[in-house]
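Colleague: Give the three-dimensional model of this entry:
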Amino acid sequence: MTSNLANLQLNGKVVVVTGAARGIGEAIARAFGSVQCSVVIADRMRRADGRQRAESLAREIEEMGGHAFALQIDVSDRTQIENMIQKTLEKFGRIDVFVNNAAIMKGGSLVSMDERNLQEHLDVNVKGCFNCCQLVAKQMIKQGTGKIIIISSVNGMQAEEGIVAYSTSKAALILMMKCMAVELAPYKINVNAIAPGWVETDMTVPYLNEALEKELKKRIPAGYMAKPEQIAGGALYLASPLADYVSGHVLVIDGGLLSNITIKAVEGAVQY
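Modeller: Okay, here's the model as predicted:
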């Protein structure tokens, strides 16, 4: 993997990834480590194996020639974010790339969900992102450059039933990203978002059943759910010099899902 990505010119960059102990965040952190970046694996580590996975990933990155350390953090707490930035600067001296990936996803329809469900999504997914990006941006302004990547979702661009709070939070991230991109451009800081479609992670697999998997294969033109590593490739691109003129952009990685309006009635029928 390293040889294929060497031309991205990311060697030695300092990268902070939140929600990095599993799923998309883990894959992104590993990808940056594979090109010899210094990576902060930030995660709230609430699962029983959270700390073990984060520390194992840090060792893996060190073995690949990068540098890394794991840090427990809840992004809904601004004080913990400040501590994350301080520890990163103490260890590595700067922050070149920040990937805001930490998020929660809980189901709940409009008429059945309680206010707490909405508040949790706003605290972690929206406020957490805002506080992280605000504090990281202040450091990047001092440095005179930086890349910020926000992980949103296709659910922030198109409706899906049963996840109104999650979708609302992910939609908010997209406009927040665009506002940040406009304000930070004069400081040579690029801000972009990635909107993944269905990805095989611990967050999505519990929702899967045979009927849903069959439906997804019909809806996703690529015919399958993405692997986390396929989302990580987008993060490497946006962090690299290849994307120096890309800002305020939502990079959709969904296998063609959002582009597809096909309705297949029966075999051999007209497709609308």
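Colleague: Give me the next element, helix or strand, following the helix or strand where Glu120 lies.
Modeller: Glu120 is part of helix 115-121 when elements are defined by DSSP states H and E. The helix or strand immediately downstream of helix 115-121 is helix 128-143, counting by DSSP H and E.
Colleague: who touches that following helix?
Modeller: Applying Cβ atoms under 8 Å, 6 or more residues apart in numbering, the contact partners of helix 128-143 are 16, 18, 75-76, 78, 81-82, 85, 89, 94-96, 98, 100, 102, 146, 148, 150, 173, 176, 180, 184, 187, 189, 191. C-beta here means a position set from N, CA and C on the backbone, and glycine is covered the same way.
Colleague: Whichever of those end up buried, select them in ChimeraX.
Modeller: ChimeraX command restricting the contacts of helix 128-143 to the buried ones, with burial defined by 16 or more other Cβ atoms under 10 Å:
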select :16,18,75,76,81,85,95,96,98,100,102,146,148,150,173,176,180,184,189,191
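Colleague: Tell me which of the contacts of helix 128-143 fall in helices.
Modeller: When DSSP state H is applied, these are split such that 78, 81-82, 85, 89, 173, 176, 180, 184 fall in helices.
Colleague: need those in CSV with distance to Leu71 and pLDDT, can you?
Modeller: CSV is the format used below for the ones in helices among the contacts of helix 128-143 (distance: Cβ to Cβ, whole Å; pLDDT from 0 to 100):
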residue, distance to Leu71, pLDDT
Arg78, 15, 97
Ile81, 11, 98
Glu82, 12, 98
Ile85, 10, 98
Leu89, 13, 98
Leu173, 22, 98
Met176, 24, 98
Met180, 23, 98
Leu184, 24, 98
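Colleague: Nearest to Ala48 among these?
Modeller: Ala48 has its nearest neighbour among these in Ile81, at 24.3 Å by Cβ to Cβ.
Colleague: Would you mind confirming that that closest one makes contact with Thr88?
Modeller: No. If you go by Cβ atoms under 8 Å, Ile81 and Thr88 don't touch, sitting 10.7 Å apart.
Colleague: Spatially, which residue comes closest to Glu200, not counting chain neighbours?
Modeller: Met225 (5.0 Å; Cβ to Cβ, 6 or more residues apart in numbering).
Colleague: how far away is that neighbour from Tyr237?
Modeller: Separation of Met225 from Tyr237 (Cβ to Cβ, to the nearest Å): 21 Å.
Colleague: More neighbours: which of those two?
Modeller: Met225 (22 against 17; other Cβ atoms under 10 Å).
Colleague: Would you check how far apart Leu175 and Ala42 are?
Modeller: Counting by Cβ to Cβ, the gap from Leu175 to Ala42 is 24 Å.
Colleague: Next, the contact list for Thr88, please.
Modeller: 14, 16, 40, 95.
Colleague: Please report how far Met176 lies from Val126.
Modeller: 7 Å.
Colleague: returning to what we had before: who's more crowded, Leu175 and Ala42?
Modeller: Between Leu175 and Ala42, Ala42 has the larger neighbour count (other Cβ under 10 Å), namely 32 against 12.
Colleague: any idea of the angle the helix or strand harbouring the more buried one forms with helix 128-143?
Modeller: Secondary structure assignment for Ala42, by DSSP H and E: strand 38-43. Angle of strand 38-43 versus helix 128-143, following axes from the mean of the first three to the mean of the last three Cα atoms, to 10 degrees, is 160 degrees.
Colleague: What strands flank strand 38-43, and is each parallel or antiparallel?
Modeller: Using DSSP bridges, strand 38-43 pairs in its sheet with strand 14-18 (parallel), strand 67-72 (parallel).
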